[in-house]
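*Asks:* Predicted model follows, preceded by the sequence.
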Amino acid sequence: MDKKLEPIINALQKQFDSSIEEFRDEVHAFVKPEQILDALTLLRDKYEFELLSALTAVDYFPQQSPRYHIVYQLTSLAKNLSVQLRVPVNGDQPKVPTVTRVYEVANWREREVADMFGVEFEGHPDPRRILMPDDWDGHPLRKDYPLGYEEPQFTFNFDEIDVRKPYAKE
Amino acid sequence: MAQLEEVNIDNFRHLVSDRALSGETMLLNMGPQHPSTHGVLRLLLELDGETIINAIPDIGYLHTGIEKNMEAKTYLKAEVMTDRLDYMNTTGNNLAYCMAVEKLVDLDVPPRAQAIRVILTELQRIASHLVWLGAFGLDLAAMSVFLYCFREREAILDILELCSGQRMMTTFIRPGGIWRDVPVEFESAVRDFLKMFPKRVDEYEALLTKNPILLDRLVGIGILDAATALQHGVTGPTLRASGVNWDLRKARPYCGYDQYDFNVPVRTEGDTFARYIVHIEEFRESMKIIEQALNKLPMGPVNSDNRKFVPPPRSEIGVSMEALIHHFKLWTEGFPAPKASIYSAVESPRGELGIYLEGDGGPKPYRVHLRTPSFDNLSVINKITQGTLVADLVAILASIDIVLGDIDR
């Protein structure tokens, strides 16, 4: 870990009780959904993370709690540092507070995540779909959403789906 | 599929001013088929006469699900999708993706491949800026610049064709190095280009930079201040024109960019003219980098010799059983990557192109997210066009350099 990053990580651990993961010099800090606004505000105002580089999500279906990780990739231009915050969210009615008030870039990025994963961002100023058509059913980047026309099979539900799969009839 | 609903003003009531509801201001669609939206972008304009009250972008017309598609392919095969992402910067996208894969599986790249990568991506940066300049001129009714720019771009595409056999979708940069070594004519072709191009940049400048008609349309139009730019995640030349010196090639050197001596052009005005100047200056800086890289182009292999990740060359397959096995294993099954995630970013001609890549221990990426610069750069358009005229919107939109393939993915 970068020396300059240590006080920031310590502050996150102390204030939000977050667990830390490290891989190839990248630091990931886990925070709870209700803490994300405070954590981002702290990082932006006290530690000069001016840029929210990326905001995305990962779907860990069939795992349900947590099913999603919302990923916030932050960059500090002044200190040339990066840190990643991850927010685990449960599978039924996934909800995270919006961070549009902290970083305005989150407006479109959260719309994208909501569109692609069906995660609701509470208090979002413009909660419309962004990439898919307004009347689209489903959320394409979820792991249980088919890439082609076939329903995706997983190890645990292979047989169940196999029964109703439209195989070519004799 | 749900029933198609009639378009209702209630859906975007929160985006327009109250005056739109009483009919005092006019709502007008610009696009998706409009020559100055640079692709299929729709802008919902709220107009008071000729003045813009709100410009609300509607994107997604070019959405092709590249992220989802990449998750269904092996690491080696998913790379071809990145070419189709930002079709003006194909080698740059390849580089970003390959660097992400190399970081995930911890793969080293030999110095010769690094230098060739730098030369090719800088050439592509020039080509991308040429398209930008041409389209920018075209939108401002300077037709001749467009023709000149495409003439020079053709020379760059010829060099790419010389190396890879393809003009645009090259997929030349591969995880662990490059596809194969460049041909012997490569050096002279690049040198010819370097000899010809500086004069051409001067020509563009002679046509544009002091042209009073152009200055009237650019200076003081669409001012974007640094704080707003950072809030909206704007990066690249657009951010540097707003006075923020942030270039990933300097700040976090990759591919040996730290060996090369070049400047990062920065302007503080933040208007459309500043963005134009930054692009022009970047032509010259890219040429400097290419020349230095070409002068000290090291000899040696162009691919990592780690056969667990890099397919063996054709010459080895005929004589080595192991190489044959590796060839089949890598192209059919692929290589496994650790169950972890990384975020790796490069400076594309438009800004920070970041790749979030997560492996699950298998040969396919579990999650790929493409943080594309045009997406965030476009999101600022409503802020900087409010209060300007419709004709200025065209200039501003052209100056922030959007590529719809990059936005919609």
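*Replies:* Sure, I can see it. Numbering: from 1, shown residues only, chains lettered A, B, ... in the order given.
*Asks:* make it CA atoms for all contacts and neighbour counts henceforth
*Replies:* Will do.
*Asks:* and the helix or strand hosting A:E112, how far from the chain's centre?
*Replies:* Using DSSP states H and E, A:E112 falls within helix A:106-117. Between the centre of helix A:106-117 and the centre of its chain there are 9 Å (CA atoms, centre = their mean, to the nearest Å).
*Asks:* That one near chain B at all?
*Replies:* Yes: if you take CA under 8 Å from any CA of the partner chain as the test, helix A:106-117 does meet chain B, through A:A106, A:W108.
*Asks:* can you list contacts of the following helix or strand past that helix?
*Replies:* Where DSSP H and E defines the elements, the next helix or strand beyond helix A:106-117 is strand A:120-122. The contact list for strand A:120-122 (CA atoms under 8 Å, 6 or more residues apart in numbering or on different chains) reads A:Q93, A:P94, A:K95, A:V96, A:P97, A:T98, A:E110, A:A114.
*Asks:* picking up where we left off before, which neighbouring elements make contact with the helix holding A:E112?
*Replies:* Helix A:106-117 is packed against strand A:51-59, strand A:120-122, with contacts defined by 3 or more CA pairs under 8 Å, 6 or more residues apart in numbering or on different chains; DSSP states H and E.
*Asks:* make it 7 Å
*Replies:* Packing contacts for helix A:106-117, counted by 3 or more CA pairs under 7 Å, 6 or more residues apart in numbering or on different chains; DSSP states H and E, involve strand A:51-59.
*Asks:* Just checking the distance from the strand it packs on to the centre of its chain.
*Replies:* Centroid displacement of strand A:51-59 relative to its chain, using CA atoms, centre = their mean, is 6 Å.
*Asks:* what does stretch A:31-44 give?
*Replies:* Centroid separation for stretch A:31-44 versus its chain: 14 Å, with CA atoms, centre = their mean.
*Asks:* can you check stretch A:32-51 too?
*Replies:* Distance, centroid of stretch A:32-51 to centroid of chain: 15 Å (CA atoms, centre = their mean).
*Asks:* Around chain B, which positions in chain A sit nearby?
*Replies:* A:50-54, A:58, A:103-105, A:130-132, A:135-137, A:141 (CA under 7 Å from any CA of the partner chain).
*Asks:* repeat that for 8 Å
*Replies:* For chain A, the residues in contact with chain B (CA under 8 Å from any CA) are A:23-24, A:26, A:50-54, A:56, A:58, A:77, A:80, A:103-106, A:108, A:126, A:130-133, A:135-137, A:140-141, A:147.
*Asks:* Mind checking which of these are buried?
*Replies:* Buried by 16 or more other CA atoms under 10 Å in any protein chain shown: A:26, A:50-54, A:56, A:58, A:77, A:103-106, A:108, A:130-132, A:140-141, A:147, out of these.
*Asks:* Check the gap between B:R217 and B:G137 for me.
*Replies:* Look at B:R217 and B:G137: by CA to CA, to the nearest Å, they are 11 Å apart.
*Asks:* I misspoke; the intended subject was A:V31.
*Replies:* As defined by CA to CA, A:V31 lies at a distance of 48 Å from B:G137.
*Asks:* now B:V80
*Replies:* Using CA to CA, B:V80 is found at 31 Å from B:G137.
*Asks:* So for these two, which residue has more residues nearby?
*Replies:* Using other CA atoms under 10 Å in any protein chain shown as the criterion, B:V80 and B:G137 rank with B:G137 on top: 22 against 19.
*Asks:* so that one makes contact with B:F146?
*Replies:* Yes: using CA atoms under 8 Å, B:G137 is in contact with B:F146, at 6.3 Å.
*Asks:* mind exporting the helix holding A:E112 as PDB, just the C-alpha atoms?
*Replies:* Extracted in PDB, the C-alpha atoms of helix A:106-117 (Å, rounded to 0.1, in the frame of the first residue of the first chain):
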ATOM      1  CA  ALA A 106     -22.800   9.900 -10.400                       C
ATOM      2  CA  ASN A 107     -26.000  11.100 -12.000                       C
ATOM      3  CA  TRP A 108     -25.500   9.400 -15.300                       C
ATOM      4  CA  ARG A 109     -23.300   6.600 -13.800                       C
ATOM      5  CA  GLU A 110     -26.000   5.700 -11.300                       C
ATOM      6  CA  ARG A 111     -28.700   5.700 -14.000                       C
ATOM      7  CA  GLU A 112     -26.500   3.300 -15.900                       C
ATOM      8  CA  VAL A 113     -26.200   0.900 -13.000                       C
ATOM      9  CA  ALA A 114     -29.900   1.200 -12.300                       C
ATOM     10  CA  ASP A 115     -30.600   0.500 -15.900                       C
ATOM     11  CA  MET A 116     -28.200  -2.500 -16.200                       C
ATOM     12  CA  PHE A 117     -28.600  -4.100 -12.700                       C
END
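*Asks:* All set, thanks.
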